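**Q** Okay, here's the prediction I keep looking at, along with the sequence it came from:
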Amino acid sequence: MSYVIAAPDVIAAATTDLANIGSAIKAATAAAALPTTGVAAAAADEVSAAVAELFGSHARAYQTLSAHATAFHDQFAQSLKAGAAQYASAEATIGRDLVAAVNAPTQALVGRPLIGNGADGVSGGTLAQANGGAGGILFGNGGAGATDAAGQGGAGGAAGLIGNGGAGGAGANGGAGGAGGAGGLLSGNGGKGGAGGAAGLGGLIGQGGAGGDGGAAGLIGNGGAGGAGGDGADATVAGGNGGAGGAGGAGGHGGAAAGNGGNGGAGGAGGKGGAVNGGTIDSGDNGGAGGAGGAGGRAAGIVGDGGDGGAGGAGGDAGAVSGGSTVYSGDIGGAGGRGGDGGIGIGIGTGGSGGSGGSGGDAGTVTDSTLYSGDTGGAGGAGGAGSVPALWGTGGHGGNGGDGGDGGAVSNSIVHSGDTGGTGGDGGAGGSGGTIGNGGIGGQGGAGGAAGAVTNGSNITDTGDVGGDGGAGGNGAIGGVVGDGGRAGNGGAGGDGGAVTGSTVAAGDYGGTGGVGGVGGPATYVGAPAHGGSGGAGGDAGAVTDSSLTTGDNGGAGGAGGVGGNNAGGPGGRGGVGGAGGDGGTVTNSIVGTGANGGAGGAGGTVGLARTSGAAGGAGGDGGNGGNVIASTVNVGANGGTGGAGADGGPAGYLGHGGAGGAGGNGGDGGAVSQSSTVSVGDHGGAGGAGGDGREGGAVYGNGGSGGAGGNGGDGGAVSQSSTVIAGDVGGDGGAGGSGGSAYVFGVGGHGGSGGAGGTGGTITDSIVGTGDSGGNGGAGGSGGSGIEAYQGGAGGTGGDGGSAGTVTNSTISTGDIGGGGGAGGAGGTVAFGTGGHGGAGGAGGNSGTATGSTVSTGDSGGAGGTGGDGGQAVTLGIGGGGGAGGDGGNSGAGYGADGGNGGDGGGAGLIGPGGRGGPGGDGGTGPAGDGATGQPGKSG
């Protein structure tokens with residue numbers, strides 16, 4: 001049997017060369033024909049004639065032979081060319097013919113080819129016709145789906161042994177997208193799901209279509225992504241609701257051996273509500289809800305990451321209300337869709353992260369109308385949860401919560417309940433770590449929506465325009481046997497209150513409350529727990545101008561810090577920091593019953609449990625500042641917000657130190673009063689937050705934790721420019737220090753926390769004040785921790801210094817400005833065996849303010865010094881602790897100096913050992929009218 005090997009391209013090139021050679025020979029033969037066939041005789045004799053004829057006959061014979069050779073050459077070249085074409089044709093058709101021959105039996109038997117791609121679906125027909133055809137049993141991709149006559153997306157075709165699944169067809173007019181086709185059993189990716197169709201008809205019906213699910217992979221390959229949900233339709237009738245967005249499709253599962261899960265599809269956006277222009281409706285023109293994001297696909301194999309969840313769709317905006325309309329239930333923005341959960345892992349890889357929640361829709365504006373229930377922004381969607389890898393890898397992160405929608409503006413209207421911002425969505429929880437791996441991070445809470453502005457002669461009769469609350473931070477997830485806990489998400493910020501201009505509001509425009517921080521992820525054996533998330537900041541209040549409010553525009557409270565994570569093998573996680581309070585709004589040319597107070601700071605987060613030393617408690621958030629008052633009348637002034645309390649420290653295990661208490665937050669400053677304003681009760685500084693208590697040391701060994709320091713009081717606001725304040729602007733009191741934790745057998749009791757300093761009184765310039773601008777009192781120091789069989793009791797904390805009074809310039813005051821009193825020192829801790837703790841020193845009194853070019857009926861004086869703390873007692877065997885020194889009295893600029901504080905008593909002696917010495921008294925302050933007395937010394941124990 002012979003074998004022939006032919007290369008059509010080589011034969012074709014040789015044919016071209018032969019043709020070129022033939023052309024060259026033809027040209028040469030033609031050129032030689034005339035000179036050689038017509039040779040002239042050399043002379044007229046017969047010999048010459050015979051010679052010439054001989055040469056001519058030879059030339060004519062050559063020309064005849066050349067013509068025969070040329071014809072043969074042309075025939076040979078043509079045959080060679082035809083042969084090359086036949087070889088090329090055979091090569092081009094032999095594979096197709098063979099495949100057709102092979103595919104014919106399987107196509108007839110099972111309806112699909114053995115090798116080849118599946119046919120794409122056909123649009124406009126039935127759903128069966130819109131489905132993509134299956135790929136070849138051995139090789140081939142699935143066909144893509146199309147859209148049927150009803151708007152339904154056809155499914156993508158499945159691949160066979162090797163190949164990718166076909167993409168699902170897109171939906172139309174609210175129809176669902178088709179599912180993606182499955183990947184090849186041996187190798188190949190799943191097809192992408194088709195997008196859901198946007199709704200085509202608003203009003204009562206108009207929901208977007210759901211996205212199709214992604215196709216699953218076979219043995220090796222990635223799952224297909226889910227299709228996006230379709231958008232909801234906008235309302236087409238007055239007062240109609242927008243359509244909801246369609247849900248995103250789920251991601252396809254990864255290959256059974258290896259491959260990533262597909263990502264979930266995003267949810268569709270909600271449609272807008274229909275505007276109302278005149279007339280009366282029972283229920284407002286609400287925006288449609290956003291669609292939920294699709295879940296991520298599972299990583300089903302030994303190696304692969306889980307798919308991420310899809311983002312939730314945004315809520316639709318509510319329609320506007322205008323033209324003298326009456327609406328009994330106001331227009332609400334659509335809620336944002338929830339983010340999809342991440343896909344889980346099976347072997348080695350990362351868990352899928354949750355999708356972000358969709359933002360809420362904005363409320364519609366209200367103009368020249370009446371609403372019985374105000375317009376509210378839509379709530380933000382919650383973030384999806386992160387997922388879990390089974391064996392080795394980090395857990396998926398939680399999705400962030402969506403922001404709340406803004407409240408609508410109100411202009412020249414009557415609203416019984418004001419325009420509120422939407423609540424922020426909660427962050428999603430992180431996914432647990434694998435056997436070896438860190439826990440996933442919690443998602444951030446969404447911010448609350450801002451309240452809308454109120455303008456142009458509007459009247460809000462019940463509750464004002466309030467900012468939306470921030471969403472809670474997502475919890476961090478537990479780490480694996482080896483791995484850290486996941487970081488917690490922070491709480492979302494509260495939304496700002498809306499501005500009020502030229503209007504009347506019964507209850508003012510508050511800022512929203514900040515969201516709570518998430519819980520830190522715990523650790524199991526080898527790894528560190530995570531700290532709690534920080535609380536969100538409170539929203540600022542809106543400004544008030546040319547208006548009348550019964551209750552002023554207060555800042556929102558800060559969110560509490562999150563709890564720290566537990567730890568089975570070491571210290572627990574620290575608590576999160578509380579969020580700062582929002583500032584009060586500025587009041588200008590207005591009449592307000594209760595002024596614009598700053599929001600309170602959030603409390604610090606508690607700590608997680610521990611096997612060794614305890615962790616520190618979270619610090620409290622600072623209070624917000626009071627709003628300024630400009631050319632206005634306010635019955636109760638704009639006070640600063642209170643600082644948040646610090647959290648207690650965490651408990652220790654058998655061997656370890658107790659956790660320290662968290663510091664208290666500082667109080668906010670009072671707002672300034674200016675430009676001929678009148679305030680009945682002045683703008684005080686906010687009180688500082690108390691420090692958290694330290695926790696006890698370990699039962700076998702360990703020191704007690706120190707108490708947290710108290711926060712400083714805020715300063716009183718300034719009064720200036722011919723203003724009148726009946727009760728002046730006082731600085732806030734400092735917060736008390738936390739108590740120290742106890743020690744048991746071997747260790748030292750924790751020291752008490754220092755008290756916070758009192759705030760300074762506000763300055764007074766060119767004004768009239770009934771009671772002066774006194775400083776705030778210092779906070780008391782915390783008591784020291786006791787000891788059972790410890791070495792020493794903890795020392796008491798130092799009392800906070802009193803705040804100085806503010807300066808007075810070119811003003812008239814009935815009762816002068818007094819410095820704040822110093823805080824008392826904390827008592828020392830008591831012990832059974834050992835040395836008692838020393839008492840803490842009292843804080844110094846604050847100085848009075850200076851008066852320049854002013855009239856003061858009752859003089860100014862400094863603040864009294866704080867009393868020193870008593871020393872701790874030694875109950876059985878040991879030495880009593882010394883008493884703390886009294887604080888010095890404050891100085892006076894025009895009156896008497898204040899008395900110094902008394903010293904603390906020494907601790908009593910035990911059965912064996914001396915008592916403690918009493919503390920010295922503080923020095924009296926100086927003043928032109930006389931110096932203050934020195935404090936009495938404490939008694940010895």
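**A** In hand now; what should we look at?
**Q** Report the mean per-residue pLDDT for the lengthiest helix in the chain.
**A** As assigned by DSSP state H, the longest helix anywhere in the chain is helix 46-110. The average pLDDT within helix 46-110 is 77.
**Q** what's next to the helix or strand just after that helix, contact-wise?
**A** Downstream of helix 46-110, the first helix or strand assigned by DSSP states H and E is helix 127-130. Helix 127-130 is contacted by residues 121-123, 145-148, 150, 152-154, 169, 178 when judged by C-beta atoms under 8 Å, 6 or more residues apart in numbering. (Glycine included, C-beta is placed from N, CA and C.)
**Q** Break this protein into its domains for me.
**A** The chain is divided into the following domains under the TED database: 8-90, 278-478+500-509, 656-918.
**Q** and the end-to-end length of the shortest one?
**A** The first and final residues of domain 8-90 sit 10 Å from each other (C-alpha to C-alpha, to the nearest Å).
**Q** before we move on, what SS does residue 10 have?
**A** helix (DSSP: H, G, I helix; E, B strand; the rest coil).
**Q** What count of nearby residues applies to it?
**A** Applying other C-beta atoms under 10 Å, we find 11 residues neighbouring residue 10.
**Q** which residues does the nearest residue to residue 938 once chain neighbours are set aside contact?
**A** Ranked by C-beta to C-beta, 6 or more residues apart in numbering and with sequence neighbours excluded, the top spatial neighbour of residue 938 is residue 918, at 3.0 Å. Each residue near residue 918 by C-beta under 8 Å, 6+ apart is listed here: 882, 883, 903, 904, 905, 906, 937, 938, 939, 940, 941.
**Q** Equivalent analysis for residue 907, please.
**A** 828, 830, 836-837, 839, 870-874, 880-883, 915-916, 941.
**Q** one step back: and which of the contacts of residue 918 is nearest to residue 532?
**A** residue 904 (36.8 Å; C-beta to C-beta).
**Q** surely the closest one meets residue 937?
**A** No: counting by C-beta atoms under 8 Å, residue 904 stays clear of residue 937, with 9.4 Å between them.
**Q** overlap in contacts of these two?
**A** Listed as contacting both residue 904 and residue 937 by C-beta under 8 Å, 6+ apart are 918, 919.
**Q** quick revisit: looking at the contacts of residue 918, which is nearest residue 242?
**A** Within the contacts of residue 918, distances to residue 242 taken as C-beta to C-beta reach their minimum at residue 904, with 69.8 Å.
**Q** If you tally nearby residues, what's the number for the closest one?
**A** Residue 904: 36 neighbours (other C-beta under 10 Å).
**Q** Also residue 306?
**A** 38.
**Q** try residue 108
**A** 8.
**Q** same check, this time on residue 886
**A** Residue 886 is flanked by 36 other residues according to other C-beta under 10 Å.
**Q** Quickly note the distance from it to residue 843.
**A** 10 Å (C-beta to C-beta, to the nearest Å).
**Q** My reading is that residue 30 lies in a helix. Confirm?
**A** Yes: judged by three-state DSSP, residue 30 forms part of a helix.
**Q** which residue sits closest to residue 319, ignoring its sequence neighbours?
**A** The nearest residue in space to residue 319 (C-beta to C-beta, 6+ apart) is residue 285, at 3.4 Å.
**Q** for residue 448, that is, sorry about that
**A** residue 468 (3.1 Å).
**Q** Give me the phi and psi for the one you found.
**A** phi -70, psi 150 (degrees, to the nearest 10).
**Q** coming back round to it: and which of the contacts of helix 127-130 is nearest residue 69?
**A** Distances from residue 69 to these, taken by C-beta to C-beta, are shortest for residue 122, at 61.6 Å.
**Q** Surely residue 774 and residue 817 touch.
**A** Yes: look at residue 774 against residue 817 with C-beta under 8 Å: they come within range, at 5.8 Å.
**Q** Spell out for me the ChimeraX command that would select the buried members of the contacts of residue 918.
**A** Burial among the contacts of residue 918 is assessed by 16 or more other C-beta atoms under 10 Å; the matching ChimeraX selection reads:
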select :882,883,903,904,905,906,937,938,939,940,941
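**Q** Make TSV from the contacts of residue 918 and add pLDDT and secondary structure to it.
**A** What follows is the contacts of residue 918, written out as TSV (pLDDT from 0 to 100; DSSP: H, G, I helix; E, B strand; the rest coil):
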residue	pLDDT	secondary structure
882	92	coil
883	94	coil
903	96	coil
904	95	coil
905	95	coil
906	94	coil
937	96	coil
938	93	coil
939	94	coil
940	91	coil
941	80	coil
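**Q** before we move on, the earlier item: in JSON lines, list the domains of the chain along with distance to residue 131.
**A** JSON lines is the format used below for the domains of the chain (distance: least, C-beta to C-beta, whole Å):
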{"stretch": "domain 8-90", "distance to residue 131": "36"}
{"stretch": "domain 278-478+500-509", "distance to residue 131": "21"}
{"stretch": "domain 656-918", "distance to residue 131": "62"}
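**Q** closest to residue 631 out of these?
**A** domain 656-918 (4.2 Å).
**Q** picking up where we left off before, need the contacts of helix 127-130 in a markdown table (columns: distance to residue 256 and secondary structure).
**A** Below are the contacts of helix 127-130 laid out as a markdown table (distance: C-beta to C-beta, whole Å; DSSP: H, G, I helix; E, B strand; the rest coil):
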| residue | distance to residue 256 | secondary structure |
| --- | --- | --- |
| 121 | 27 | coil |
| 122 | 33 | coil |
| 123 | 34 | coil |
| 145 | 24 | coil |
| 146 | 30 | coil |
| 147 | 32 | strand |
| 148 | 32 | coil |
| 150 | 35 | coil |
| 152 | 30 | coil |
| 153 | 27 | strand |
| 154 | 26 | coil |
| 169 | 27 | coil |
| 178 | 24 | coil |
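**Q** Where neighbours are concerned, which of the residues you listed has the most?
**A** residue 178 (37 neighbours).
**Q** any idea how far the closest residue to residue 705 other than its chain neighbours lies from residue 658?
**A** Of all residues not flanking residue 705 in the chain, residue 694 sits nearest, at 3.1 Å (C-beta to C-beta, 6+ apart). From residue 694 across to residue 658, the span is 6 Å (C-beta to C-beta).
**Q** Mutual contacts of the two, please.
**A** With C-beta under 8 Å, 6+ apart, residue 694 and residue 658 have common neighbours 649, 704, 705, 741, 750, 785.
**Q** how many neighbours does the fifth one have?
**A** When you say that, I think you mean residue 750. Counted with other C-beta under 10 Å, residues neighbouring residue 750 total 39.
**Q** In terms of neighbours, single out the busier of residue 694 and residue 658.
**A** Set side by side, residue 694 and residue 658 show more neighbours around residue 694, with 37 against 33, by other C-beta under 10 Å.
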